[in-house]
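A.B. asks: Need coordinates for the following:
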Amino acid sequence: DNTALAFDFIGRIDLTKEIPSYNFNANLQRANLNAMNLTEDTIIVKAKMDVNATGKNIDDITGAANLHPVILRKPGHFVRLDSITFASEQSAAERNIQIRTSEFAIGMNGNFIPSQITSTIITIARKYFPGIPLTPDSVSSNQNIHLSLTTEKVDSLVNFFIPKATGFDSSTFELTFNNNNNSLSALGYFPLCSYANFDLKKTTLSLSNPADSLQLKLSADELVLNDSIHFPKPNVTAKIANDAVYLNTLLSSADKQDQLNMNLVVNGKNKRLIVHILPTTKLLLQNENWNVSDNDTLIYGKHYVRIKNFKLTNKNQTLVIKDIIPQGDIGLRFEMKNLGFQNFYRFVKTNKYKVNGLVDANVNLLNIFGKMAFTGDGNIRKLTLNKDSLGAFNFAASNNSADGRINLTASLNGNAYDVKAKGYYSTT
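C.D. replies: This is a model prediction of the structure:
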């Protein structure tokens, strides 16, 4: 069914008065947001609504509306909200708008013009990103807004609109903006927020605009990658000005033997992000400093990535990451020489296993924006597991694009071991 909008209506809308009034009940049988050009995904909304309000337009409307229940559908996904209540009040000095559900509550109050909120946001953004190709409509000199958001259980709702995101339950966020004195501030707290394989625990986010820049600070109790790599107390600060983001990231292991102090400059051009790693970036692994090559550049866009000059070295250890474009696919190549396996394995929390060894290998990740595959070969010398010597581990992988298989061979040779294995990994 491609019907964009279907509803039943009972009630009265009176447009004859100086201030129109709306008093009705409606059964929204179907609203296809994609067919109405409101979303890229096919999202269907169903709801019953009761409305009692007055107003000429969005800027002077007062009253209340109750939607019950609200059902959101898209292929493979369904969310039900018991009710959404909207209330708007206005006096000579202040406007108050409240949106409430059992899952979240949003409040906006202050002296502001609702129809100019979009233009206000564009005006703020252009102050720090003058190159944004958007031109705002005229904005009142008096836009004084306080926004508050509190959540209860919104995990499923967040995941409905952002498929890779979960969490954000029991969170708070407040933002204040006044264009009379050009002040902007925000503060948020999120007990758990996740995106793809990244989890941030007990996260605090703040925003301010001293002088001519926008400054953002993020700190968390812990960052977890893939449920196994843990960084306690991560800290990110960003300064945004003149179409650039100056970013500093601090990560550290619990015992402080592994630390990253990364400094970046991020610019945008032709719908792509250009990331420059600054020479002030520092990396410490097992209390040893690693050199980060100068003039490292990452260019990232939709289905596009380029990496130039990225190299880590420590004495005779080397890790090089570069882009490859085999047969039109975008890929990454990792070149490792005398690389201490334990330097990176330490970040994985495990009480049972401890792996050491020296890695010489070349590994290619192919088609990273599609059906990913990998090829490569290498060996791990002086391989140990929990201080037991295993010998040398050799491996090779080749990609057979015809049947979607990656052919694998591996061998383990040591004083007590002589093991060979062969198999495949299917990408289909």
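
A.B. asks: all contacts plus neighbour counts: C-alpha atoms, from now on.
C.D. replies: Noted.

A.B. asks: what are the ranges of the strands in the stretch 151-300 of the chain?
C.D. replies: 165-167, 172-178, 183-195, 198-208, 214-219, 222-225, 229-232, 235-241, 244-252, 259-269, 272-277, 282-285, 288-292, 296-301 (DSSP state E, counting those that start in this stretch).

A.B. asks: Give me the mean pLDDT for the first one.
C.D. replies: Read it as strand 165-167. In this model, strand 165-167 carries a mean pLDDT of 92.

A.B. asks: Name whatever forms a beta bridge with the spatially most central residue of the chain.
C.D. replies: Compute the mean C-alpha point of the chain, and by Cα atoms, centre = their mean the closest residue is Tyr195, 5.9 Å away. With DSSP bridges applied, Tyr195 shows beta-bridge pairing to Ala165, Phe198.

A.B. asks: Please tell me I have it right and it contacts Thr166.
C.D. replies: Yes: under the criterion of Cα atoms under 8 Å, Tyr195 lies in contact with Thr166, with a separation of 6.5 Å.

A.B. asks: Where in the protein is the helix or strand with the lowest mean pLDDT?
C.D. replies: For the chain, counting by mean pLDDT, DSSP states H and E, helix 341-345 ranks last in confidence among helices and strands (a mean of 76).

A.B. asks: what sits up against that helix?
C.D. replies: Outside of helix 341-345, the residues that reach it under the criterion Cα atoms under 8 Å, 6 or more residues apart in numbering are 285-286, 355-359.

A.B. asks: Show me what stretch 183-191 is in contact with.
C.D. replies: Residues outside stretch 183-191 that contact it (Cα under 8 Å, 6+ apart): 168-178, 201-209.

A.B. asks: meant to ask about stretch 389-404, not that
C.D. replies: Stretch 389-404 is contacted by residues 373-384, 405-417, 426-428 when judged by Cα under 8 Å, 6+ apart.

A.B. asks: remind me which residues of the stretch 301-428 of the chain are low pLDDT?
C.D. replies: Filtered on pLDDT under 70, the stretch 301-428 of the chain yields the residue ranges 326-328, 345-352.

A.B. asks: Can you add distance to Ile43 and give the strands of the stretch 151-300 of the chain back as TSV?
C.D. replies: What follows is the strands of the stretch 151-300 of the chain, written out as TSV (distance: least, Cα to Cα, whole Å):
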stretch	distance to Ile43
strand 165-167	18
strand 172-178	27
strand 183-195	21
strand 198-208	27
strand 214-219	33
strand 222-225	31
strand 229-232	36
strand 235-241	35
strand 244-252	34
strand 259-269	31
strand 272-277	28
strand 282-285	45
strand 288-292	46
strand 296-301	26
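
A.B. asks: and Ser156, which of these is closest to it?
C.D. replies: For Ser156, the closest of the strands of the stretch 151-300 of the chain is strand 165-167, at 7.2 Å, according to Cα to Cα.
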